[in-house]
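could you look at this predicted model? Sequence included:
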Amino acid sequence: MNHIENKSRIDPELRDEMAKQNIFITSLDFIYNWGRRSSVWPMQFGLACCAIEMIAAAAARYDIARFGAELFRASPRQADLMIVAGTVTKKMTPNVVRLYNQMAEPKYVLAMGACAISGGPFIDGYNVLRGIDRFIPVDVYVPGCPPRPEALLYGLMELQKKIDSQTFTKAEWYQKGLKREFPVPELGPNGLIPKFNPEIWQPREQDARKTRYGQTVLTGKKQKAPRLEPVAVPPPPAA
Ligand code: SF4
(Lines give C-alpha, C1' and ligand atoms only; values in the text may rest on other atoms or scores of the structure.)
Protein backbone atom coordinates (compact mmCIF):
# COMPACT_ATOMS: atom_id res chain seq x y z
CA MET A 1 0.00 0.00 0.00
CA ASN A 2 1.41 3.40 -0.93
CA HIS A 3 0.82 6.44 1.13
CA ILE A 4 2.51 9.77 1.71
CA GLU A 5 3.10 11.25 5.10
CA ASN A 6 0.82 14.13 5.88
CA LYS A 7 3.31 16.68 7.14
CA SER A 8 1.92 19.36 9.40
CA ARG A 9 2.86 22.92 8.45
CA ILE A 10 3.13 23.88 12.09
CA ASP A 11 6.66 24.17 13.37
CA PRO A 12 6.98 21.30 15.89
CA GLU A 13 9.29 23.33 18.15
CA LEU A 14 6.80 26.17 18.28
CA ARG A 15 4.02 23.69 19.00
CA ASP A 16 5.97 22.10 21.85
CA GLU A 17 6.83 25.49 23.28
CA MET A 18 3.20 26.58 23.26
CA ALA A 19 2.11 23.26 24.75
CA LYS A 20 4.26 24.10 27.77
CA GLN A 21 2.07 27.17 28.20
CA ASN A 22 -1.06 25.04 27.99
CA ILE A 23 -1.79 26.27 24.48
CA PHE A 24 -2.42 23.52 21.97
CA ILE A 25 -2.33 24.39 18.31
CA THR A 26 -2.83 21.95 15.51
CA SER A 27 -4.11 21.69 11.98
CA LEU A 28 -7.61 20.85 10.91
CA ASP A 29 -6.23 17.89 9.00
CA PHE A 30 -4.68 16.45 12.13
CA ILE A 31 -7.89 16.67 14.15
CA TYR A 32 -9.99 15.40 11.26
CA ASN A 33 -7.74 12.41 10.62
CA TRP A 34 -7.16 11.71 14.30
CA GLY A 35 -10.90 11.38 14.83
CA ARG A 36 -11.31 9.08 11.86
CA ARG A 37 -8.27 6.89 12.49
CA SER A 38 -9.30 6.37 16.11
CA SER A 39 -12.79 5.16 15.33
CA VAL A 40 -12.61 2.89 12.31
CA TRP A 41 -15.77 0.84 12.69
CA PRO A 42 -15.66 -2.39 10.69
CA MET A 43 -18.68 -4.01 9.15
CA GLN A 44 -19.87 -7.13 10.90
CA PHE A 45 -19.64 -9.89 8.38
CA GLY A 46 -17.32 -12.76 7.64
CA LEU A 47 -17.15 -15.20 4.78
CA ALA A 48 -15.07 -18.20 5.83
CA CYS A 49 -12.31 -19.41 8.15
CA CYS A 50 -10.48 -16.06 8.10
CA ALA A 51 -13.50 -14.60 9.86
CA ILE A 52 -12.65 -16.72 12.91
CA GLU A 53 -9.31 -14.92 13.15
CA MET A 54 -11.11 -11.60 12.73
CA ILE A 55 -13.41 -12.53 15.60
CA ALA A 56 -10.37 -13.50 17.69
CA ALA A 57 -8.85 -10.09 16.99
CA ALA A 58 -11.94 -8.51 18.51
CA ALA A 59 -11.81 -10.71 21.61
CA ALA A 60 -10.07 -9.90 24.89
CA ARG A 61 -6.67 -11.41 24.06
CA TYR A 62 -5.94 -9.07 21.16
CA ASP A 63 -8.22 -6.19 22.11
CA ILE A 64 -8.95 -4.35 18.88
CA ALA A 65 -10.58 -1.70 21.09
CA ARG A 66 -7.11 -0.18 21.48
CA PHE A 67 -7.64 1.23 18.01
CA GLY A 68 -11.24 2.26 18.56
CA ALA A 69 -12.24 -0.38 16.02
CA GLU A 70 -14.16 -2.76 18.25
CA LEU A 71 -17.61 -1.63 17.18
CA PHE A 72 -18.48 -4.07 14.44
CA ARG A 73 -21.56 -2.58 12.86
CA ALA A 74 -24.42 -4.70 11.61
CA SER A 75 -25.33 -2.09 9.01
CA PRO A 76 -23.12 -0.90 6.15
CA ARG A 77 -24.56 2.58 6.67
CA GLN A 78 -22.68 2.84 9.97
CA ALA A 79 -19.43 1.15 8.97
CA ASP A 80 -16.17 2.72 7.81
CA LEU A 81 -14.25 -0.42 6.99
CA MET A 82 -15.19 -3.56 5.12
CA ILE A 83 -12.96 -6.45 6.17
CA VAL A 84 -13.39 -9.06 3.46
CA ALA A 85 -12.46 -12.03 5.64
CA GLY A 86 -12.60 -15.31 3.80
CA THR A 87 -13.39 -16.99 0.53
CA VAL A 88 -15.54 -14.89 -1.78
CA THR A 89 -17.67 -17.22 -3.82
CA LYS A 90 -19.13 -16.02 -7.08
CA LYS A 91 -22.59 -16.38 -5.60
CA MET A 92 -21.63 -14.08 -2.73
CA THR A 93 -19.84 -11.46 -4.84
CA PRO A 94 -22.94 -9.41 -5.85
CA ASN A 95 -23.86 -9.09 -2.17
CA VAL A 96 -20.37 -7.96 -1.17
CA VAL A 97 -20.36 -5.29 -3.88
CA ARG A 98 -23.87 -4.20 -2.90
CA LEU A 99 -22.83 -3.86 0.74
CA TYR A 100 -19.79 -1.81 -0.30
CA ASN A 101 -22.02 0.50 -2.32
CA GLN A 102 -24.27 0.99 0.71
CA MET A 103 -21.41 2.13 2.93
CA ALA A 104 -21.17 5.84 3.55
CA GLU A 105 -18.05 7.83 2.68
CA PRO A 106 -15.28 7.75 3.69
CA LYS A 107 -15.03 4.00 3.33
CA TYR A 108 -12.15 1.57 3.17
CA VAL A 109 -11.66 -2.08 2.27
CA LEU A 110 -9.23 -4.54 3.84
CA ALA A 111 -8.80 -7.87 2.04
CA MET A 112 -7.97 -10.42 4.72
CA GLY A 113 -6.38 -13.70 3.71
CA ALA A 114 -5.26 -15.38 0.52
CA CYS A 115 -8.84 -16.16 -0.53
CA ALA A 116 -10.05 -12.55 -0.45
CA ILE A 117 -6.86 -11.41 -2.18
CA SER A 118 -6.56 -13.97 -4.95
CA GLY A 119 -8.83 -16.97 -4.40
CA GLY A 120 -6.16 -18.61 -2.24
CA PRO A 121 -6.21 -22.41 -2.16
CA PHE A 122 -9.41 -22.36 -4.21
CA ILE A 123 -8.01 -20.21 -7.02
CA ASP A 124 -8.88 -22.85 -9.60
CA GLY A 125 -12.32 -23.54 -8.17
CA TYR A 126 -15.18 -22.94 -10.59
CA ASN A 127 -17.19 -21.12 -7.92
CA VAL A 128 -14.56 -18.89 -6.28
CA LEU A 129 -13.73 -15.30 -7.17
CA ARG A 130 -10.02 -14.74 -7.70
CA GLY A 131 -9.77 -11.64 -5.56
CA ILE A 132 -12.35 -9.14 -4.40
CA ASP A 133 -10.30 -6.33 -5.98
CA ARG A 134 -11.81 -7.37 -9.30
CA PHE A 135 -14.97 -5.55 -8.27
CA ILE A 136 -14.21 -3.12 -5.45
CA PRO A 137 -11.04 -1.12 -4.67
CA VAL A 138 -8.95 -2.59 -1.83
CA ASP A 139 -6.91 -0.31 0.44
CA VAL A 140 -4.97 -2.86 2.49
CA TYR A 141 -4.08 -6.48 1.71
CA VAL A 142 -3.33 -8.79 4.65
CA PRO A 143 -1.84 -12.04 3.28
CA GLY A 144 -1.93 -15.41 5.00
CA CYS A 145 -4.05 -18.52 5.20
CA PRO A 146 -5.36 -17.48 7.60
CA PRO A 147 -3.58 -14.34 8.77
CA ARG A 148 -3.24 -14.28 12.53
CA PRO A 149 -5.10 -11.62 14.52
CA GLU A 150 -1.80 -9.73 14.92
CA ALA A 151 -1.57 -9.51 11.13
CA LEU A 152 -5.06 -8.06 10.96
CA LEU A 153 -4.12 -5.49 13.60
CA TYR A 154 -1.01 -4.64 11.58
CA GLY A 155 -3.24 -4.15 8.54
CA LEU A 156 -5.44 -1.88 10.63
CA MET A 157 -2.39 0.18 11.58
CA GLU A 158 -1.44 0.44 7.90
CA LEU A 159 -4.93 1.70 7.21
CA GLN A 160 -4.48 4.28 9.96
CA LYS A 161 -1.31 5.45 8.21
CA LYS A 162 -3.28 5.85 5.01
CA ILE A 163 -5.97 7.83 6.83
CA ASP A 164 -3.25 10.05 8.33
CA SER A 165 -1.91 10.77 4.87
CA GLN A 166 -5.21 12.14 3.59
CA THR A 167 -5.87 15.85 3.63
CA PHE A 168 -9.11 17.56 4.37
CA THR A 169 -9.02 19.69 1.24
CA LYS A 170 -8.10 16.95 -1.20
CA ALA A 171 -10.07 14.05 0.26
CA GLU A 172 -11.34 12.08 -2.68
CA TRP A 173 -14.87 11.76 -1.37
CA TYR A 174 -15.29 15.54 -1.53
CA GLN A 175 -14.24 15.73 -5.17
CA LYS A 176 -16.91 16.25 -7.75
CA GLY A 177 -17.64 13.48 -10.17
CA LEU A 178 -15.92 10.77 -8.14
CA LYS A 179 -17.47 7.39 -8.74
CA ARG A 180 -17.50 5.32 -5.56
CA GLU A 181 -20.40 3.05 -6.34
CA PHE A 182 -19.63 0.16 -8.57
CA PRO A 183 -21.87 -1.98 -10.76
CA VAL A 184 -23.18 -5.07 -9.04
CA PRO A 185 -22.37 -8.18 -11.11
CA GLU A 186 -24.94 -10.86 -11.76
CA LEU A 187 -24.50 -14.57 -11.33
CA GLY A 188 -25.21 -16.19 -14.67
CA PRO A 189 -25.15 -19.85 -15.69
CA ASN A 190 -21.41 -19.62 -16.51
CA GLY A 191 -20.25 -17.43 -13.66
CA LEU A 192 -20.31 -13.71 -13.01
CA ILE A 193 -21.46 -11.20 -15.59
CA PRO A 194 -19.22 -9.27 -16.06
CA LYS A 195 -16.27 -11.32 -14.86
CA PHE A 196 -14.57 -8.22 -13.45
CA ASN A 197 -15.00 -4.48 -13.37
CA PRO A 198 -12.64 -3.12 -16.05
CA GLU A 199 -12.64 0.31 -14.36
CA ILE A 200 -10.69 -0.96 -11.37
CA TRP A 201 -9.07 -4.22 -12.49
CA GLN A 202 -7.53 -5.48 -15.68
CA PRO A 203 -6.22 -9.00 -16.28
CA ARG A 204 -2.51 -9.38 -16.80
CA GLU A 205 -1.41 -9.77 -20.37
CA GLN A 206 0.27 -13.04 -19.55
CA ASP A 207 -0.60 -15.54 -16.88
CA ALA A 208 2.53 -16.07 -14.77
CA ARG A 209 1.48 -19.65 -14.04
CA LYS A 210 1.80 -20.48 -17.72
CA THR A 211 5.54 -19.88 -17.70
CA ARG A 212 5.99 -21.41 -14.28
CA TYR A 213 4.09 -24.64 -14.71
CA GLY A 214 3.67 -25.02 -18.45
CA GLN A 215 0.58 -25.46 -20.56
CA THR A 216 -0.80 -28.52 -18.84
CA VAL A 217 -1.94 -26.60 -15.77
CA LEU A 218 -3.94 -24.12 -17.77
CA THR A 219 -5.44 -26.47 -20.32
CA GLY A 220 -6.20 -29.14 -17.77
CA LYS A 221 -5.21 -31.92 -20.20
CA LYS A 222 -4.54 -35.21 -18.54
CA GLN A 223 -1.07 -36.59 -19.13
CA LYS A 224 -0.43 -40.28 -19.51
CA ALA A 225 1.63 -41.65 -16.69
CA PRO A 226 5.15 -42.54 -17.97
CA ARG A 227 5.92 -46.21 -18.33
CA LEU A 228 8.43 -47.08 -15.68
CA GLU A 229 11.01 -49.68 -16.68
CA PRO A 230 12.52 -51.80 -13.94
CA VAL A 231 15.98 -50.58 -13.10
CA ALA A 232 18.71 -53.17 -12.68
CA VAL A 233 20.12 -52.91 -9.17
CA PRO A 234 23.92 -53.39 -9.13
CA PRO A 235 25.16 -56.19 -6.85
CA PRO A 236 26.74 -55.08 -3.56
CA PRO A 237 30.54 -54.88 -3.63
CA ALA A 238 32.33 -58.00 -2.41
CA ALA A 239 33.67 -57.72 1.12
S1 SF4 B 1 -7.28 -17.73 3.24
FE2 SF4 B 1 -7.21 -19.76 4.20
S3 SF4 B 1 -8.07 -19.43 6.24
FE4 SF4 B 1 -8.68 -17.66 4.99
S5 SF4 B 1 -10.69 -18.17 4.15
FE6 SF4 B 1 -9.16 -18.84 2.66
S7 SF4 B 1 -8.78 -21.00 3.15
FE8 SF4 B 1 -9.79 -20.08 4.93
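All right, it came through fine.

in the helix or strand where M54 lies, which residues are buried?
Assigned by DSSP states H and E, M54 belongs to helix 50-58. Within helix 50-58, the residues that qualify as buried are 50-51, 53-54, 56-58, counting by 16 or more other C-beta atoms under 10 Å. The way it works is simple: take the backbone N, C-alpha and C, and place the C-beta from them, glycine included.

stretch 179-195 too?
Buried residues in stretch 179-195 (16+ other C-beta under 10 Å): 182, 184-185, 192, 195.

and what of stretch 96-110?
96-97, 99-100, 103, 107-110.

repeat for stretch 116-125
Quick answer for stretch 116-125 (16+ other C-beta under 10 Å): 116-120, 122.

wait, is K195 part of a helix?
No - counting by DSSP: H, G, I helix; E, B strand; the rest coil, K195 is located in no helix; its state is coil.

could you check the pLDDT of it?
Listed pLDDT for K195 reads 90.

list just the nearest of the buried residues of stretch 116-125 to the ligand.
The closest of these to the ligand turns out to be G120 (C-beta to the nearest ligand atom; 4.2 Å).

distance of the closest one from K195?
According to C-beta to C-beta, to the nearest Å, G120 stands 18 Å off from K195.

give the next helix or strand downstream of the strand or helix carrying N101.
Applying DSSP H and E as the criterion places N101 in helix 93-102. With elements assigned by DSSP H and E, the helix or strand that comes after helix 93-102 is strand 108-112.

which strands and helices lie in contact with that next one?
When contacts are defined as 3 or more C-beta pairs under 8 Å, 6 or more residues apart in numbering; DSSP states H and E, strand 108-112 sits against helix 50-58, strand 81-85, strand 140-142, helix 149-164.

show me which of the buried residues of helix 50-58 is closest to the ligand.
Nearest to the ligand out of those is C50 (C-beta to the nearest ligand atom; 3.4 Å).

K20: neighbour count?
7 (other C-beta atoms under 10 Å).

how about the residues of the chain near the ligand?
48-50, 86-87, 113-115, 120-121, 145-146 (C-beta under 6 Å from any ligand atom).

okay, those in JSON lines with pLDDT and distance to V40 next?
Putting these into JSON lines (pLDDT from 0 to 100; distance: C-beta to C-beta, whole Å) gives the following:
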{"residue": "A48", "pLDDT": "94", "distance to V40": "22"}
{"residue": "C49", "pLDDT": "94", "distance to V40": "23"}
{"residue": "C50", "pLDDT": "95", "distance to V40": "18"}
{"residue": "G86", "pLDDT": "93", "distance to V40": "20"}
{"residue": "T87", "pLDDT": "95", "distance to V40": "24"}
{"residue": "G113", "pLDDT": "95", "distance to V40": "19"}
{"residue": "A114", "pLDDT": "95", "distance to V40": "23"}
{"residue": "C115", "pLDDT": "95", "distance to V40": "22"}
{"residue": "G120", "pLDDT": "92", "distance to V40": "25"}
{"residue": "P121", "pLDDT": "93", "distance to V40": "29"}
{"residue": "C145", "pLDDT": "94", "distance to V40": "24"}
{"residue": "P146", "pLDDT": "93", "distance to V40": "21"}
